[in-house]
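[1] Compute the structure for the input listed below.
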Amino acid sequence: MDNLIVENEIPDILIKWYNQNKRELPWRNINDPYKIWISEIILQQTRVIQGRNYYLRFIERFPSVKQLAEAEEDEVLKYWQGLGYYSRARNLHKAANQIMTQYDGNFPKDYSNVLTLSGVGVYTAAAICSFAYNQPYAVLDGNVYRVLSRLFGIETPIDSGAGKKEFQKIAGKLLSIENPAEYNQAIMEFGALQCVPSSPNCENCPLISMCKAFELQLVNVLPVKSKKTTVTHRFFNYIFIQYNETTFLQKRTAKDVWQNLYEFPLIETDKLLTVTELFQNENFNSLFRDVNEIDIVQITNPMKHVLSHRVINAQFISVSISGLNEKFKSLIQLEKSEIDKYPVSRLMEIFLENDMN
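    Next comes the predicted model:
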């Protein structure tokens, strides 16, 4: 079959499949660029089933750009708590303020202007302009890369510069100019439900007769990635200090995991510390210098928290003390019941839910 004829048929086939199989989701069938933007940022690193509830809560609390911009960053992060990749929430807040100051609170309509918003890349800008304004910009997310690589038998790595150019060209050629919004939704949904990463149901695929990967038995090989992710292990010793009825938090301000979230005082080491090693640790001794009574109440079992490029190995050490020193002035002293007001990592949240006495 002629390649041009095949390409012309694909959009109609995908849109027909989409109308028969699409999921009903709260950010579909709307053209509000703000809500579409929020949904796209949430779904960047989050499964739909989890993202749906976060989206509904987020939109209920921040129903407009103005209300998001006016909120404190801590509150935005609190509503994001548990979703991970917290830079997304920080960028949302920053971009909302950009929209208020640069566009008088009106979400920009021009693709190039959308692309200037903090945290918005080529994919997100295309999705917003397509879904909200029906503009002819082709989306390229993980699902679309997978569909296109299999459909056309493309072995160029999707994470290479050459691959990105090649896939962008093909995506642009396939894009339905008459109905770019529905087509983009269709091909993304097709990758999410039909052309899935493992064991796709090829026999019931409406594109099977055109699929090069099926023909060449490359379905389980494509798409190709050239770069292997290097995973590093880090070791966090959290100090849960109990002083009378209060405890202490600090804010992570460095550009690192969980930036601007709150946590117990942390000692990072090259392995998790034993009680003996803890009392020999310079940072531990510095924190509790001149404090007479220090009692190790409990050390949790090691906990493992997997991030995209890091594995955090952690333990929480409950320490009871009888007095304070100058070091504690730099920490936030609060009652234990008040911790819930602060945005924390999922690792902290698990400890608070299960182990804190």
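[2] Where does the prediction get shaky in the stretch 1-150 of the chain?
    1-7 (pLDDT under 70).
[3] quick one, helices of it?
    For the stretch 1-150 of the chain, the helices defined by DSSP state H, counting those that start in this stretch cover 3-21, 33-42, 48-61, 65-70, 73-80, 87-102, 111-114, 122-133, 142-152.
[4] Generate TSV for those, with distance to residue 273 and mean neighbour count as supplementary columns.
    Yep, even glycine has a C-beta here, placed from its N, CA and C like the rest. Formatted as TSV, these follow (distance: least, Cβ to Cβ, whole Å; neighbours: other Cβ atoms under 10 Å):
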stretch	distance to residue 273	mean neighbour count
helix 3-21	53	14
helix 33-42	37	23
helix 48-61	34	15
helix 65-70	41	17
helix 73-80	29	19
helix 87-102	29	19
helix 111-114	48	17
helix 122-133	42	22
helix 142-152	39	23
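[5] right, so of those, which gets closest to residue 337?
    helix 73-80 (15.6 Å; Cβ to Cβ).
[6] Burial check on residue 198, number of neighbours?
    Residues near residue 198, counting by other Cβ atoms under 10 Å, number 6.
[7] So for it, what pLDDT did the model give?
    On the pLDDT scale, residue 198 is placed at 94.
[8] for it, what are its contacts?
    By Cβ atoms under 8 Å, 6 or more residues apart in numbering, the residues touching residue 198 are residue 220.
[9] can you confirm it is in a strand?
    No: if the criterion is DSSP: H, G, I helix; E, B strand; the rest coil, then residue 198 is coil and not within a strand.
[10] And the residue lying closest to residue 225 once chain neighbours are set aside, its phi and psi?
    Spatial nearest neighbour of residue 225, excluding adjacent residues (Cβ to Cβ, 6 or more residues apart in numbering): residue 159 at 5.1 Å. Phi and psi for residue 159, reported as degrees, to the nearest 10, are phi -100, psi 20.
[11] about what we covered before: tabulate the helices of the stretch 1-150 of the chain (JSON lines), appending distance to residue 300.
    Compiled in JSON lines, the helices of the stretch 1-150 of the chain are given as follows (distance: least, Cβ to Cβ, whole Å):
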{"stretch": "helix 3-21", "distance to residue 300": "45"}
{"stretch": "helix 33-42", "distance to residue 300": "31"}
{"stretch": "helix 48-61", "distance to residue 300": "25"}
{"stretch": "helix 65-70", "distance to residue 300": "36"}
{"stretch": "helix 73-80", "distance to residue 300": "24"}
{"stretch": "helix 87-102", "distance to residue 300": "27"}
{"stretch": "helix 111-114", "distance to residue 300": "45"}
{"stretch": "helix 122-133", "distance to residue 300": "39"}
{"stretch": "helix 142-152", "distance to residue 300": "35"}
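[12] Out of the ones you listed, flag the one nearest residue 179.
    Nearest of the helices of the stretch 1-150 of the chain (Cβ to Cβ): helix 3-21, 7.1 Å.
[13] Buried residues in the helix or strand that contains residue 315, which are they?
    According to DSSP states H and E, residue 315 maps onto strand 310-321. Applying a neighbour-count criterion of 16 or more other Cβ atoms under 10 Å, one finds 312-319, 321 buried in strand 310-321.
[14] Make CSV out of those residues and add distance to residue 105.
    Listed next are the buried residues of strand 310-321 as CSV, based on distance: Cβ to Cβ, whole Å:
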residue, distance to residue 105
312, 39
313, 45
314, 42
315, 47
316, 43
317, 47
318, 47
319, 48
321, 49
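[15] ok, back up a step: for residue 175, which of the helices of the stretch 1-150 of the chain is the nearest?
    Nearest of these (Cβ to Cβ): helix 3-21, 7.6 Å.
[16] Now do that closest one: everything it contacts.
    Under Cβ under 8 Å, 6+ apart, the answer for helix 3-21 is 151, 173-176, 179, 182-183, 185-187, 189-190, 193-194, 206-207, 210.
[17] Can I get that helix in PDB, CA atoms only?
    This file holds the C-alpha atoms of helix 3-21, laid out as PDB (Å, rounded to 0.1, in the frame of the first residue of the first chain):
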ATOM      1  CA  ASN A   3       2.800   5.200   2.300                       C
ATOM      2  CA  LEU A   4       0.900   8.400   1.600                       C
ATOM      3  CA  ILE A   5      -2.400   6.500   1.400                       C
ATOM      4  CA  VAL A   6      -1.600   4.700   4.700                       C
ATOM      5  CA  GLU A   7      -0.700   8.000   6.400                       C
ATOM      6  CA  ASN A   8      -3.900   9.600   5.300                       C
ATOM      7  CA  GLU A   9      -6.000   6.700   6.700                       C
ATOM      8  CA  ILE A  10      -4.300   6.700  10.200                       C
ATOM      9  CA  PRO A  11      -6.000   9.800  11.700                       C
ATOM     10  CA  ASP A  12      -9.500   8.700  10.800                       C
ATOM     11  CA  ILE A  13      -8.800   5.200  12.200                       C
ATOM     12  CA  LEU A  14      -7.400   6.500  15.400                       C
ATOM     13  CA  ILE A  15     -10.300   9.000  15.900                       C
ATOM     14  CA  LYS A  16     -12.900   6.300  15.300                       C
ATOM     15  CA  TRP A  17     -11.100   4.000  17.800                       C
ATOM     16  CA  TYR A  18     -10.900   6.900  20.300                       C
ATOM     17  CA  ASN A  19     -14.600   7.600  20.100                       C
ATOM     18  CA  GLN A  20     -15.400   4.000  20.800                       C
ATOM     19  CA  ASN A  21     -12.800   3.400  23.600                       C
END
